[in-house]
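Novice: need a structure here:
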Amino acid sequence: MGSDHLDTETKSTLANKIFPGRLYDAFFINEYGKIESLRASRYNNNFSVILVGIEDAPDRPDSKGEFPVDFLKKAVSVLIDSVRDSDVIGMSDDRHLVVLLPHADYFGYLNVARKISKSLVNVGKYPSGHSFTVSGATFPKDGKGFGELLSVALRRAISKKESIWEKEGFGTKLFWEIISDLSARSYRDLENSSFDAGGGYEITGAFIDQINELIIRDMTRAPQKKGILYLSTKKVSPGASFINTLNTAGKLAAKTFLVGDGQDNLWDIKNATPIPMDDPRLKETSLTFYLGEDTGYALICKE
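Specialist: Coordinates of the predicted model:
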């Protein structure tokens, strides 16, 4: 083995010497994960895991099974800088780093995963040329044991590679560029579908309101669950059916934001925060984005 590379057998050992007390081997991580699962179950707490997969550089097929030491040091440094001192970092196997986040729910995991993903972009650039996949899972929603959570996180990493987001390279595009691309193409599968009403046919505001009401009713079925909902229509009307549903619902843990050119009395709507925004693009586009602990929906309607 060259002095500037780690093979799969000694990678964890050397990394432990580089980051004493912060990077652990697979045996320790698995044992700690089992203990954390038992602790969370006993005290009815959440905890999450983040799985960081290391992909080989496409132009370096010979690199399979080994990584430059400097590359691994930078990757682990990103994880250390992105998590709390109470979080535990280690090697799940020779291709994956794993982070255990005690007392972190689904949205806590998302915040950390987003921070890690952004920071890892530069680590994977030349000269290493490697890339990363960042995924995760949360106890107890995704599994009762540590091994089950890792399996869910791995499946999500595989699904993410096949997603529209990755295939279309949306991660490097601006918001309105993404909206333009999505509304200009046709998608046909179980999770994504698009259609054109045709010239002279209108997708009515009542149709959009009905979809929004269905999503809000889904939120009200589990009012204790966190979520975030952004609604934007040409003009947010206090008389819309989904507004009535918000007003008559009890206290919701999910947060709703009404974006657009609204009216002053929108400030009186229960369970919602208005965000006045005079953007001409919002006058021809209706957007609904919801992300909850169990489900997520997106609706984009553009004239």
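Novice: C-alpha from now on. contacts and neighbour counts both.
Specialist: Fine.
Novice: residues near the closest residue to Leu299 other than its chain neighbours, how many?
Specialist: Nearest non-adjacent residue to Leu299, counting by C-alpha to C-alpha, 6 or more residues apart in numbering: Thr288, 5.0 Å away. Neighbours of Thr288 under the rule other C-alpha atoms under 10 Å: 20.
Novice: Which helix or strand in this structure has the lowest average pLDDT?
Specialist: One helix or strand of the chain scores below all others by mean pLDDT, DSSP states H and E: strand 5-7, with a mean of 48.
Novice: which residue ranges form the helices in the protein?
Specialist: Taking DSSP state H as the test, the helices found in the chain are 11-18, 26-43, 69-82, 106-123, 146-161, 164-167, 175-184, 205-221, 241-248.
Novice: So which of the ones you listed is nearest Gly198?
Specialist: Gly198 sits nearest to helix 175-184 of all the helices of the chain, at 13.3 Å, using C-alpha to C-alpha.
Novice: that older thread, my guess is the residue nearest to Leu299 meets Ile215, correct?
Specialist: No - contact status for Thr288 versus Ile215: not in contact, 9.4 Å apart, counting by C-alpha atoms under 8 Å.
Novice: hey, what's in contact with both of those two?
Specialist: Shared contacts of Thr288 and Ile215 (C-alpha atoms under 8 Å, 6 or more residues apart in numbering): Tyr297.
Novice: State the distance from the residue nearest the centre of the chain to Gly136.
Specialist: By C-alpha atoms, centre = their mean, the chain has its centre lying nearest to Leu110, at 5.0 Å. For Leu110, the distance to Gly136 equals 8 Å [C-alpha to C-alpha, to the nearest Å].
Novice: what does Ser159 give?
Specialist: Distance from Ser159 to Gly136, by C-alpha to C-alpha: 12 Å.
Novice: do Leu214 as well
Specialist: On the measure of C-alpha to C-alpha, Leu214 and Gly136 end up 28 Å apart.
Novice: which one of these two has more residues nearby?
Specialist: Comparing Leu214 with Gly136 by other C-alpha under 10 Å, the one with more neighbours is Gly136, at 26 against 13.
Novice: Let me know whether Ile89 touches Val98 as I believe.
Specialist: Yes - the criterion here is C-alpha under 8 Å, and Ile89 meets it with Val98 at 5.8 Å.
Novice: ok now do Thr245, which residues does it touch?
Specialist: Thr245 neighbours (C-alpha under 8 Å, 6+ apart): 213, 216-217.
Novice: Out of those residues, which comes closest to Thr273?
Specialist: Ile216 (14.3 Å).
Novice: who's in contact with that closest one?
Specialist: Ile216 neighbours (C-alpha under 8 Å, 6+ apart): 242, 245-246.
Novice: what do you get if the cut-off is 10 Å, keeping everything else the same?
Specialist: Contact analysis of Ile216 by C-alpha atoms under 10 Å, 6 or more residues apart in numbering lists 210, 229, 242-243, 245-246, 249, 254, 256, 290.
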